[in-house]
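Novice: just coords:
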């Protein structure tokens, strides 16, 4: 596989409908009344899940791009407070910010000057690189995007 093909495959991991629905499909036509709904047997709302996706992707983007990045000290920092709620504008902002950060990652991947294999400055002994981090983001996003689709079916708001 050449460099151009590798970069396209990475971009596809983040955006293409391959073996699963994409993020845009999962949030399409989401009913406003359910934004702050907690599905049965869950500890979080639909908006919490969207925010978790956004916060985690943003954290990894910062890990890749910021020389002074610091690892989160608490696991819960990647989720909003359990009692936090939002309105339709906040819901849309979470989605738009997620997509904007994903676009930044895509531009980074598609830039031939980006060394996908260079160790990240903050990775220490782990020697993580952009290639690894894109795979982590793609797997995390696919997992929770699927979860979102299933939870929408559970509460009966999946009108495809």
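Specialist: Here it is on my side, so go on. Fair warning: this is a prediction, and the values are worked out from it, not measured in the lab.
Novice: tell me who's in contact with residue 129.
Specialist: Shown in contact with residue 129 (C-beta atoms under 8 Å, 6 or more residues apart in numbering): 115, 116, 117, 118, 119, 120, 123. Every residue, glycine included, has its C-beta placed from N, CA and C.
Novice: filter those down to the buried ones.
Specialist: Buried by 16 or more other C-beta atoms under 10 Å: 116, 120, out of the contacts of residue 129.
Novice: specify which member of the contacts of residue 129 is nearest to residue 47.
Specialist: residue 120 (30.5 Å; C-beta to C-beta).
Novice: I'd like the distance between that closest one and residue 126.
Specialist: Going from residue 120 to residue 126 by C-beta to C-beta, to the nearest Å gives 9 Å.
Novice: could you do residue 148 as well?
Specialist: In terms of C-beta to C-beta, residue 148 sits 30 Å off from residue 126.
Novice: next one: residue 83
Specialist: Residue 83 is 35 Å from residue 126, by C-beta to C-beta.
Novice: go on, residue 30?
Specialist: 37 Å.
Novice: which residues in this structure form helices?
Specialist: Secondary structure of the chain (DSSP state H): helices located at 3-15, 23-27, 46-65, 88-110, 130-155.
Novice: just name the most buried of those helices.
Specialist: Looking across the helices of the chain with neighbours counted as mean count of other C-beta atoms under 10 Å, the highest average goes to helix 46-65: a mean of 21.
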